[in-house]
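Peer 1: fold the stuff below for me.
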Amino acid sequence: MTILSRQTTQEESELGIPLSKVCYIIIKAREFDAKDVQTDPDPGSNPSDDRDISVLEEHEDDPAEEELRSLIDALSVDEQVDLVALAWLGREEYPDDWTEVRAIAAEEHNERTAAYLCGNPLLADHLADGLSALDLNCGDFEAAHL
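Peer 2: Just a heads-up that it's a prediction; the model follows:
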């Protein structure tokens, strides 16, 4: 095992959420964030006729948002706290110290974590930046799953 692998394992153990879960949530957040505003609320056409272009637009019953919310809701409290702390760390609005930002996130935790995080239009970027601040990334996970 190389020194880099040991460092990553040690830093990853600071997280109460597996890196693979964070990476999967980042991918789902990118799918959700990539949506464009709805241009035609009632197109009246067949999806096969319009090349399914409406899938790229925001809708009230957006399956990408529903999946992202259900993923976050299904996390344990510790995992939700870590996810919020990572987003805050990536937003650079809180201290760079993981222990301190995680303690603040734990103190602020409530039952609206999914709604709060899904309301962040840069969630994927903030989570990725938070991981980067901990010298972690999703490169291997993305290569294996995309």
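Peer 1: drop to CA atoms for contacts and neighbour counts, all remaining ones
Peer 2: Will do.
Peer 1: name the SS class of Ile17, please.
Peer 2: coil (DSSP: H, G, I helix; E, B strand; the rest coil).
Peer 1: wait, Leu136
Peer 2: coil.
Peer 1: burial check on it, number of neighbours?
Peer 2: 17 (other Cα atoms under 10 Å).
Peer 1: also Val22?
Peer 2: Val22, neighbours per other Cα under 10 Å, totals 22.
Peer 1: how about low-confidence regions in this protein?
Peer 2: Counting by pLDDT under 70, the ranges of the chain that qualify are 1-13, 34-62, 146.
Peer 1: in it, which spans are helices?
Peer 2: Using DSSP state H, the helices of the chain run over 3-12, 19-33, 63-73, 77-91, 98-108, 113-118, 123-133, 139-145.
Peer 1: now, of those, which is deepest in the fold?
Peer 2: helix 77-91 (a mean of 23; mean count of other Cα atoms under 10 Å).
Peer 1: elements contacting that helix?
Peer 2: helix 98-108, helix 113-118, helix 123-133 (3 or more Cα pairs under 8 Å, 6 or more residues apart in numbering; DSSP states H and E).
Peer 1: how far does the second one sit from the chain's center?
Peer 2: Using Cα atoms, centre = their mean, to the nearest Å, the mean C-alpha position of helix 113-118 is found 10 Å from that of the whole chain.
Peer 1: give the other helices and strands that that helix contacts.
Peer 2: Going by 3+ Cα pairs under 8 Å, 6+ apart, helix 113-118 lies up against helix 63-73, helix 77-91.
Peer 1: Leu89 reaches Asp129, doesn't it?
Peer 2: Yes - using Cα atoms under 8 Å, Leu89 makes contact with Asp129 at a distance of 7.4 Å.
Peer 1: quick one, which of the helices and strands packed on helix 113-118 is nearest to Leu136?
Peer 2: helix 77-91 (11.1 Å; Cα to Cα).
Peer 1: name the residues that touch the closest one?
Peer 2: 15-17, 22, 72, 94-96, 98, 101-102, 104-106, 109, 113, 117, 123, 125-133 (Cα atoms under 8 Å, 6 or more residues apart in numbering).
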